[in-house]
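A.B. asks: got a predicted structure here, sequence first:
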2 protein chains.
Amino acid sequence: MLERIRIVLIGTSHPGNIGGTARAMHNMGLGDLALVAPRCEPLTADTVSRASGADHIVHAARTVESLEQAVSDCTLVVGASARSRTLPWPMTTPRALGERLPAELADPAARVALVFGREDSGLTNAELQRCHAHVHIPTNPDFSSLNLAAAVQVLAYECRQAWLGQQEASEPAEAVTAPLASHEELERYFAHLERTLIGIGFHDPAMPRQLMARLRRFTLRARPERMELNILRGILTATEQQAERSPSDASTGDDASGDVSPGQ
Amino acid sequence: MLERIRIVLIGTSHPGNIGGTARAMHNMGLGDLALVAPRCEPLTADTVSRASGADHIVHAARTVESLEQAVSDCTLVVGASARSRTLPWPMTTPRALGERLPAELADPAARVALVFGREDSGLTNAELQRCHAHVHIPTNPDFSSLNLAAAVQVLAYECRQAWLGQQEASEPAEAVTAPLASHEELERYFAHLERTLIGIGFHDPAMPRQLMARLRRFTLRARPERMELNILRGILTATEQQAERSPSDASTGDDASGDVSPGQ
């Protein structure tokens, strides 16, 4: 189970934190690290010093350009976050997240990503909105910003606790009935949804009013199965075909589907 | 309760770890730090840097010569330790220790000390034998030595969890942030959805193939808020308007995209 939990660090500035993260991971039995657009050289003397024998995890880490690349195969993506932003998202605690992991990872194809943001500014809203849920480590409200490696330590500790609990229970966790959609499939769906909503004149990207964020939140909360997503995309395709047939003026103004071609 | 939990560091070698400990403590709402015979200058630039705003805890720390002096007023002393030494001692886990704290600290005169040893060699047998119990943080057996500040972080986190649990037990549950859709609103939505899917030729009530059941299951799983349902109904209305504009033959059987109409 633990081998299918990935730690994703976005835009890390301090090599020492990458080393500290590797040590915390290895201490708790995690090994899969992805670095998204680090803002420092990941492997320095400081990294090795703080890793204290766990630097093989940094050597083996994948470095990628975007969150999407880091989590495309993951069935559950959870972002570490301070309390709610403008648009509240499903929030969980480290404990509740840990308790959920055995079931989430019962399917051998399932993968979980725990995503941590920049030391100074955390995750962006766009990044947070790509997560199924946000996890908030309960902290002193007057001093809430944990060191990055310390935050990883707490979540990795809860992962291990959950795994140990499962070992003790020794009962196989209940299998998930149907395969869940991957992050990549979900993103394709959201892109398709946005195109369609523009096409039918419901959504104006120039005046987004959090529409896509709200639809993301709703959809991600349901944890769509792959088959459900296929149905939803089928509906979008049928809707687009209607919009194409419909006498032009639908998508007033600013474009996107503006140039309706004369039907071949 | 948290103000009566003391963190005791014995023979610490690295000022950075003292700073990291202070940060972890303040993050979790602890403030009482005692340093026993530190093997470094406790307050250096490294301390302040790692404390990241919590160095007042190091300024306020008591520095003493022996464990006895650091814990003399404590009613429970727990030493952080690797697995059992020559003489087995009562062992606890961070979780079980946390759960025990509210009762241990119910008496306002009670005080708890959590004792951490040297970075390289931990606590001596003599020190361990001055503890009521030992706490072992479950780790990867192949890589069991946590960074000192990381070990403090895990125990301080469990202290805070225990304290929060106690607070919740005595407070009414938090209100739900946004009103959920009622059963009636959901049923109106599903009826609207079905009409629309028929209108765009995606759904044939004579050949339902569990389509509506699947869409219900997906939607209900997300527990829609009233406002989310309003957005979804807005999308359905926009879709219907497209379908109405579209030259009639849309809902013919199963072709849907076959005959592209001449776009006005």
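C.D. replies: Here it is on my side, so go on. Numbers count the residues shown, from 1 in each chain, chains lettered A, B, ... in the order given.
A.B. asks: number of nearby residues for residue A:45?
C.D. replies: Neighbours of residue A:45 under the rule other CB atoms under 10 Å in any protein chain shown: 10. Every C-beta, even on glycine, is put in place using the N, C-alpha and C of the backbone.
A.B. asks: pLDDT value on it, please?
C.D. replies: Residue A:45 carries a pLDDT value of 97.
A.B. asks: quick one: it and residue A:15, what's the gap?
C.D. replies: Counting by CB to CB, to the nearest Å, the gap from residue A:45 to residue A:15 is 8 Å.
A.B. asks: go on, residue A:107?
C.D. replies: Distance, residue A:107 to residue A:15, by CB to CB: 36 Å.
A.B. asks: residue A:19 reaches residue A:58, doesn't it?
C.D. replies: Yes - at 6.9 Å, residue A:19 counts as touching residue A:58 under the criterion of CB atoms under 8 Å.
A.B. asks: out of residue A:107 and residue A:15, which sits in the busier spot?
C.D. replies: Each of residue A:107 and residue A:15 has its neighbours counted (other CB under 10 Å); residue A:15 has more, 22 against 17.
A.B. asks: quick one: that one and residue A:43, what's the gap?
C.D. replies: 7 Å.
A.B. asks: before we move on, what about residue A:98?
C.D. replies: 30 Å.
A.B. asks: out of these two, which sits in the busier spot?
C.D. replies: residue A:98 (22 against 16).
A.B. asks: residues making contact with the one helix or strand the more buried one maps to?
C.D. replies: Residue A:98 is part of helix A:94-104, with elements assigned from DSSP states H and E. Outside helix A:94-104, the residues that touch it by CB atoms under 8 Å, 6 or more residues apart in numbering or on different chains are A:1, A:5, A:75-76, A:78, A:92, A:110, A:112, A:133, A:135, A:137, A:154-155, A:157-159, A:161-163, A:165-166, A:173-174, A:176, B:157, B:161.
A.B. asks: could you give the mean pLDDT of the helix or strand just after that helix?
C.D. replies: Once the chain leaves helix A:94-104, the next helix or strand it forms, by DSSP H and E, is strand A:112-116. Average pLDDT, strand A:112-116: 97.
A.B. asks: what angle do strand A:112-116 and helix A:94-104 make?
C.D. replies: Angle of strand A:112-116 versus helix A:94-104, following axes from the mean of the first three to the mean of the last three CA atoms, to 10 degrees, is 150 degrees.
A.B. asks: who touches strand A:112-116?
C.D. replies: The contact list for strand A:112-116 (CB under 8 Å, 6+ apart) reads A:4-10, A:21, A:34, A:67, A:70-71, A:74-80, A:101, A:104-105, A:123, A:127, A:131, A:135, A:148, A:151-152, A:155, A:159, A:183.
A.B. asks: who's in contact with the next helix or strand after that strand?
C.D. replies: For strand A:112-116, the following helix or strand on the C-terminal side (DSSP H and E) is helix A:125-128. The contact list for helix A:125-128, computed with CB under 8 Å, 6+ apart, reads A:10, A:67, A:79, A:81, A:85-87, A:89, A:115, A:117, A:134, A:213.
A.B. asks: out of these, name the ones that lie in strands.
C.D. replies: A:10, A:79, A:115, A:134 (DSSP state E).
A.B. asks: in a markdown table, list these along with neighbour count and distance to residue B:208.
C.D. replies: Shown next, in a markdown table, are the ones in strands among the contacts of helix A:125-128 (neighbours: other CB atoms under 10 Å in any protein chain shown; distance: CB to CB, whole Å):
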| residue | neighbour count | distance to residue B:208 |
| --- | --- | --- |
| A:10 | 22 | 44 |
| A:79 | 25 | 38 |
| A:115 | 27 | 40 |
| A:134 | 22 | 37 |
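A.B. asks: mind showing which ranges of the stretch 101-250 of chain A have poor pLDDT?
C.D. replies: Scanning the stretch 101-250 of chain A for pLDDT under 70 picks out A:170-177, A:248-250.
A.B. asks: residues contacting the residue of the stretch 101-250 of chain A found nearest chain B?
C.D. replies: Nearest residue of the stretch 101-250 of chain A to chain B: residue A:222, at 3.7 Å (CB to the nearest CB). Contacts here follow CB under 8 Å, 6+ apart; on that basis residue A:222 touches A:228, B:218-219, B:221-222.
A.B. asks: list the contacts of the residue nearest to residue A:194 when sequence neighbours are not counted.
C.D. replies: Nearest in space to residue A:194, with sequence neighbours left out and distances taken as CB to CB, 6 or more residues apart in numbering or on different chains, is residue A:212 at 5.8 Å. The contact partners of residue A:212, by CB under 8 Å, 6+ apart, come to A:190, A:193-194, A:203.
A.B. asks: would TSV of the residues you listed with neighbour count and distance to residue A:142 be doable?
C.D. replies: Shown next, in TSV, are the contacts of residue A:212 (neighbours: other CB under 10 Å; distance: CB to CB, whole Å):
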residue	neighbour count	distance to residue A:142
A:190	17	37
A:193	21	41
A:194	19	40
A:203	22	41
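A.B. asks: so which of those residues are in helices?
C.D. replies: A:190, A:193-194 (DSSP state H).
A.B. asks: which among those residues gets closest to residue B:233?
C.D. replies: Within the ones in helices among the contacts of residue A:212, proximity to residue B:233 (CB to CB) peaks at residue A:193, which comes in at 15.7 Å.
A.B. asks: my guess is that closest one contacts residue A:215. True?
C.D. replies: Yes - with contact defined as CB under 8 Å, residue A:193 counts as touching residue A:215 (6.5 Å).
A.B. asks: got the buried residues for the lengthiest helix in chain A?
C.D. replies: Across chain A, the longest stretch assigned as helix under DSSP H is helix A:148-169. Within helix A:148-169, the residues scored as buried using 16 or more other CB atoms under 10 Å in any protein chain shown are A:148-163, A:166.
A.B. asks: next, the angle from the host helix or strand of residue A:23 to helix A:148-169.
C.D. replies: Element membership of residue A:23 [criterion: DSSP H and E] is helix A:15-28. Helix A:15-28 and helix A:148-169 are oriented at 10 degrees to each other (the same axes, to 10 degrees).
A.B. asks: helix or strand right after helix A:15-28?
C.D. replies: Going down the chain from helix A:15-28, the next helix or strand is strand A:32-36, by DSSP H and E.
A.B. asks: show me what that following strand packs onto, helices and strands only.
C.D. replies: strand A:5-10, helix A:15-28, strand A:62-64, helix A:67-71 (3 or more CB pairs under 8 Å, 6 or more residues apart in numbering or on different chains; DSSP states H and E).
A.B. asks: that strand pairs with which strands, and in what direction?
C.D. replies: Strand A:32-36 sits in its sheet next to strand A:5-10 (parallel), strand A:62-64 (parallel), going by DSSP bridges.
A.B. asks: alpha carbons only: can I get stretch A:49-65 in PDB?
C.D. replies: Only the C-alpha atoms of stretch A:49-65 are listed here, as PDB (Å, rounded to 0.1, in the frame of the first residue of the first chain):
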ATOM      1  CA  SER A  49      22.800  16.300   4.900                       C
ATOM      2  CA  ARG A  50      19.200  16.600   5.800                       C
ATOM      3  CA  ALA A  51      18.300  13.400   4.100                       C
ATOM      4  CA  SER A  52      20.700  11.700   6.500                       C
ATOM      5  CA  GLY A  53      20.900   8.400   4.500                       C
ATOM      6  CA  ALA A  54      17.600   8.700   2.500                       C
ATOM      7  CA  ASP A  55      19.000  10.700  -0.400                       C
ATOM      8  CA  HIS A  56      18.400   7.700  -2.800                       C
ATOM      9  CA  ILE A  57      14.800   8.900  -2.700                       C
ATOM     10  CA  VAL A  58      15.900  12.200  -4.200                       C
ATOM     11  CA  HIS A  59      18.100  10.500  -6.800                       C
ATOM     12  CA  ALA A  60      15.100   8.400  -7.800                       C
ATOM     13  CA  ALA A  61      12.600  11.300  -7.800                       C
ATOM     14  CA  ARG A  62      11.000  12.300 -11.000                       C
ATOM     15  CA  THR A  63      11.300  16.000 -11.900                       C
ATOM     16  CA  VAL A  64       8.500  17.400 -14.100                       C
ATOM     17  CA  GLU A  65       7.200  20.700 -15.200                       C
END
